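> Have a look at this prediction, sequence included:
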Amino acid sequence: MNKSDSERIASVLENIGYQPASRETEADLILINMCSVRQSAVDRVYGNIKNFEKLKKENKNLKTMLTGCVLKSDFKKFKNHFDYILSIKTLSKWPEFLKEIKYFYYPNPRDSKFTERFKAEYLNEKIGYSKSFSVFIPISSGCDNFCTFCAVPYTRGSLICRNHQEILKEVKFPIKTGVKEIWLLGQNVNDYQSPTDKTMDFPKLLKTINMIPGNFWIRFTSPHPKNFSDELIDAMAECEKVTEYLNLPVQSGDDKILKKMNRPYTIEKYKNIVKKIREKIPDITLSTDVIVGFPGETKEQFENTAKLFKEIKYDIAYIARYSPRPETAAAKLKDDVSPEEKEKRYKILTQILKENALEKNKKYLGKEVEVLVEERKNQFLIGKSRHYKTIKFESNRDLIGQFVKLKIIDALPWGLKGELI
Ligand code: SF4
């Protein structure tokens, strides 16, 4: 979502005459699009302040600007260090705001008057994408789920859905220019409902995009297990452009911890969703997000997460060691799992994941797969398959942004090796 926002910001700035600088020392404006999901990301912004001050001494015209997901407490601290702090939701007004010498416009994102005024209009800004073959298209912004560990509802505000006509318009344009991959983004895509047509929910949106002619893949992130419907599973199975990859965040394998996280589902329900998905899409690549060391997480409760990992056999997992986020409900709980214990739990899950991922990747040996080539590293081209497997192969041809057919010749836990057919 941040990358997508950065693309929109770049487009707005380019429209008013800014051009990308190749080095910090050449810049007249340095803009940070911040993320508050983890403290380490916030600390990196703090870590840059001294550098900005030094650059400002060298270039008197330099302005610095902060936007993105900023918590109230951080806003107060950053206020004295940036020339501008602007809410991303006001993006369409930035050309006006940037004429001011000093401007701080950061109302509470949950303020309903503010939300009403700006709705999802910033998402409709005309955009130039940073990649020519894969684009991010937000379908909504904000979240009202209030998982107790998460800062998003406080930084991005209430859920606002874009109307489906705008989304379809934005999807059709890159497809016409030959884009091969569309990522639909939302904090919880299952909460999507078009403001102009109440029947247009996420499964229907997928089906509608799937009908657009063209040779492209549809991916999305992320759904919430609390409202993962049978209709969505059917839509994923029916739509040939929707790829066989799903990130389904579990966050914990223990019902009591899930309750403390304000995640309204049980592990039984989660496993049932996975079972239904695998019945309809047997070879789906499944990934998850999980937190170890949530306040009060006992060894037995962590064992339930480890057990779930062994049972589900995820292909990919984003494992986070819990860190309290200011303003969230969990920040009021005692962060009582030691850093060493969090690290231990992180390593245990990583080891289970590694074994399962290798076992699953070995199933691709000798098979033919279609890959969208994304980048070059030395003699290798690297891309992703429909199943979101990272695959590298040797070639000196210019194939970035193209679909190629590969035969898999080697399998590792975190990727595959192939050769052009
Ligand atoms: Fe955060 Fe939960 Fe909303 Fe996801 S669903 S953005 S974890 S509050």
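Nice, I can see it.
> For the chain, what lies in contact range of the ligand?
143, 145-147, 150, 152-153, 187-188, 224 (CB under 6 Å from any ligand atom). All C-beta atoms are positioned from the backbone trio N, CA, C, and that covers glycine.
> At which residues are the strands of the stretch 151-300 of the chain located?
160-161, 181-185, 193-194, 197-201, 217-221, 245-247, 285-292 (DSSP state E, counting those that start in this stretch).
> Switch these over to JSON lines, and while doing so, append mean pLDDT and mean neighbour count to every line.
Shown next, in JSON lines, are the strands of the stretch 151-300 of the chain (pLDDT from 0 to 100; neighbours: other CB atoms under 10 Å):
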{"stretch": "strand 160-161", "mean pLDDT": "92", "mean neighbour count": "22"}
{"stretch": "strand 181-185", "mean pLDDT": "97", "mean neighbour count": "21"}
{"stretch": "strand 193-194", "mean pLDDT": "96", "mean neighbour count": "19"}
{"stretch": "strand 197-201", "mean pLDDT": "97", "mean neighbour count": "14"}
{"stretch": "strand 217-221", "mean pLDDT": "97", "mean neighbour count": "21"}
{"stretch": "strand 245-247", "mean pLDDT": "98", "mean neighbour count": "23"}
{"stretch": "strand 285-292", "mean pLDDT": "98", "mean neighbour count": "22"}
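> the bottom helix or strand of the chain by mean pLDDT?
Lowest on mean pLDDT, DSSP states H and E among the helices and strands of the chain sits strand 103-105, with a mean of 66.
> Can you give me the end-to-end span of stretch 25-35?
24 Å (CA to CA, to the nearest Å).
> Not counting stretch 337-357 itself, show me its contacts.
Here stretch 337-357 makes contact (CB atoms under 8 Å, 6 or more residues apart in numbering) with 290, 292-295, 297, 302, 305-306, 309-310, 313-317, 319, 321-322, 413-414.
> whoops, I mixed them up, stretch 10-20
By CB under 8 Å, 6+ apart, the residues outside stretch 10-20 that reach it are 28-29, 31, 91-92, 94-95, 98, 125-128, 130.
> How about stretch 320-333?
36-40, 71-74, 146, 148-151, 154, 260-262, 289-297, 335, 337, 339, 342-343, 345-346.
> Produce a ChimeraX select command limited to the buried residues of the contacts of stretch 337-357.
Selecting only the buried entries of the contacts of stretch 337-357 in ChimeraX, with 16 or more other CB atoms under 10 Å as the criterion:
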select :290,292,293,294,295,297,302,305,306,309,314,315,316,317,319,321,322,413
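> among the contacts of stretch 337-357, which are in helices?
302, 305-306, 309-310 (DSSP state H).
> Just send the residues you listed back as TSV, with pLDDT too.
Output for those, formatted as TSV (pLDDT from 0 to 100):
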residue	pLDDT
Phe302	98
Thr305	98
Ala306	98
Phe309	98
Lys310	98
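> so which pair among those residues is furthest apart in space?
Phe302 and Lys310 (13.0 Å; CB to CB).
> domain parsing for the protein?
Per automatic domain parsing, the domain ranges recorded for the chain read 2-116, 131-243, 246-362, 368-420.
> where does this structure have low pLDDT?
The model of the chain has pLDDT under 70 over residues 100-107, 114, 117-120, 126, 130.
> report the longest helix in it, please.
helix 339-362.
> Taking strand 285-292 as reference, get the angle to that helix.
Helix 339-362 and strand 285-292 are oriented at 170 degrees to each other (axes from the mean of the first three to the mean of the last three CA atoms, to 10 degrees).
> Can you give the distance of helix 339-362 from its chain's centre?
22 Å (CA atoms, centre = their mean, to the nearest Å).
> Flag every buried residue along it.
Applying 16+ other CB under 10 Å to helix 339-362 flags 341-342, 345-346, 348-349, 352-353, 356-357, 360-361 as buried.
> mind giving me a markdown table with the residues you listed and columns for distance to Ser6?
Supplementary listing: the buried residues of helix 339-362 in a markdown table, determined by distance: CB to CB, whole Å:
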| residue | distance to Ser6 |
| --- | --- |
| Glu341 | 36 |
| Lys342 | 30 |
| Arg345 | 33 |
| Tyr346 | 29 |
| Ile348 | 35 |
| Leu349 | 31 |
| Ile352 | 34 |
| Leu353 | 29 |
| Asn356 | 34 |
| Ala357 | 30 |
| Lys360 | 33 |
| Asn361 | 32 |
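> Tell me which two of these sit farthest apart.
Glu341 and Asn361 (30.2 Å).
> that older thread, name the nearest of the buried residues of helix 339-362 relative to Lys207.
Lys360 (28.7 Å).
> gap between that closest one and Ile348?
19 Å (CB to CB, to the nearest Å).
> which residues in this structure form helices?
2-15, 39-58, 72-78, 94-97, 112-118, 152-155, 164-176, 202-210, 230-238, 255-260, 267-280, 299-312, 339-362.
> for those, which one ends up most surrounded?
Highest mean neighbour count among these (mean count of other CB atoms under 10 Å): helix 152-155, with a mean of 23.
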